[in-house]
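Enquirer: the following block contains a protein sequence and its predicted model.
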Amino acid sequence: MLWNFNFNLPTTIEFGNGNVKNIGKRAKELGGNKALLITDKGLAQTGILQKVIDSLDQEDVNYIVFDETTPNPKDVDCQRVYQQFKDSNIDLLIGIGGGSSMDTAKAIGTLLTHGGELKDRYGVNLLEREITPLICIPTTSGTGSEVTTGSVITDTVTKQKEAILDIKLAPKLAILDPELTLTLPKSITAATGMDALTHAIEAYTCNVSQPISDALSLYAIELVAKHLPLAVKNGNDIEARENMLLASLIAGIGFDNSDLGAVHAMAEPLGGLYDTPHGVANAVFLPHVFEFNIPSNLEKHAIIATKLGANKEGASLEETAYEGVVLLKELASKIGIPDFRDLNNVNPKDFSFLAEGASVHLCTQSNSRKLSRSDYLKLFQNAYEAVPQH
């Protein structure tokens, strides 16, 4: 194979237990005089936000707190926050939490530097300048948004998720402190962990994969397979937490330099319509898309299966690859991911709308096997009709 690829990592990464205490110094180094802290109310009550504030106070960095971020961030909320703070001389953003807080921070940064409306920036490379300097502090192990050049926002008019994709969106700094993930509830640990696994699998199998992202993705798959069940079982297992945060990070770097595929093309319309947690949506579709994609690259899917634990002696590549489908279903069941039919508000009458949204999603172009709208419709139906795993 003759490789021809680019690899970017515009974000500086600091990884280690307790290093959230450095946020004040890092904010000052980035020239921050007045920071906008973007988080959610649940996280604000855990004490994590206070650790950030204490560090900023120690370095005399001024700040404003916005703690009303919601899951699957909405365009109208981002516009409202921008209007609220656009005249506040904000020169630094700090996103604290899961992907929703970090994506909201990126969207607000876009508005602070470009004005107008978010819908004018949906697409690839439509930003004219870098956004307001951004520091991201993830408290979940799933999205990798702290090192990605994208922000996913729900358009409240179309009920579709849209994306701003541009290297000018990249955070300046990612501070990853595994201790901040110790308080994460089991359900969110499970869902975000499956999100990281989906990122790694899709980055590795998509038709624009490249060798550096492949290496990162395979390591991330291995880490999730080993440590996600442990992190769900015992949230205080710091080794499992550390390895899951690392898996999320490197999977994020991987897919940001590769792409995703049909799982995300299905999950994002579902989240846009029903407000389904993104990691859960990925988890319920992952085994079905994985099975659909196997014929496109037997070897890669078999390799993934071995990383997940397939080790049947004498098995062919095909047998090993299909064992991966079973292992993905078993993993989701083991950590308590609900079945598709049990998710709130899911109605088969909406599958045609969802299939249409998936068929025009940007990730569809990168999926390892071509899909039509009818293929997506069948995948939604298959996932809904699947034998319950619980």
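Expert: Now that the structure is in, tell me what you want to look at. Numbering: from 1, shown residues only.
Enquirer: pull stretch 18-31 out as CSV, backbone CA atoms only.
Expert: Extracted C-alpha coordinates of stretch 18-31, given in CSV (Å, rounded to 0.1, in the frame of the first residue of the first chain):
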residue,chain,number,x,y,z
GLY,A,18,-4.1,15.7,40.2
ASN,A,19,-2.9,17.9,37.4
VAL,A,20,-6.2,19.9,37.3
LYS,A,21,-4.4,22.1,40.0
ASN,A,22,-2.3,23.5,37.1
ILE,A,23,-5.2,25.1,35.3
GLY,A,24,-4.6,28.6,36.9
LYS,A,25,-1.0,28.6,35.7
ARG,A,26,-1.9,27.4,32.3
ALA,A,27,-4.7,29.9,31.9
LYS,A,28,-2.2,32.7,32.7
GLU,A,29,0.3,31.3,30.2
LEU,A,30,-2.3,31.5,27.5
GLY,A,31,-2.9,35.2,28.3
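Enquirer: quick one: mean pLDDT for it?
Expert: The average pLDDT for stretch 18-31 rounds to 97.
Enquirer: quick one: it to chain centroid distance?
Expert: Stretch 18-31 sits 24 Å away from the centroid of its parent chain (C-alpha atoms, centre = their mean, to the nearest Å).
Enquirer: residues of it that come out buried?
Expert: Judged by neighbour count (16 or more other C-beta atoms under 10 Å), stretch 18-31 contains these buried residues: 19-20, 22-24, 26-27, 30. Quick note: C-beta positions are derived from backbone N, CA and C, even for glycine.
Enquirer: show me the domain layout of this structure.
Expert: Per the record, the chain has its domains at 12-181, 186-385, by automatic domain parsing.
Enquirer: quick one: end-to-end length of the shortest one, please.
Expert: Which is domain 12-181. End-to-end span of domain 12-181 (C-alpha to C-alpha, to the nearest Å): 20 Å.
Enquirer: how about stretch 37-46?
Expert: Using C-alpha to C-alpha, the two ends of stretch 37-46 sit 15 Å apart.
Enquirer: in it, what's buried?
Expert: Buried residues in stretch 37-46, counting neighbours by 16+ other C-beta under 10 Å, are found at 37-40, 43-44.
Enquirer: can you redo these as a markdown table with secondary structure?
Expert: As requested, the buried residues of stretch 37-46 are exported to a markdown table (DSSP: H, G, I helix; E, B strand; the rest coil):
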| residue | secondary structure |
| --- | --- |
| L37 | strand |
| I38 | strand |
| T39 | coil |
| D40 | strand |
| L43 | helix |
| A44 | helix |
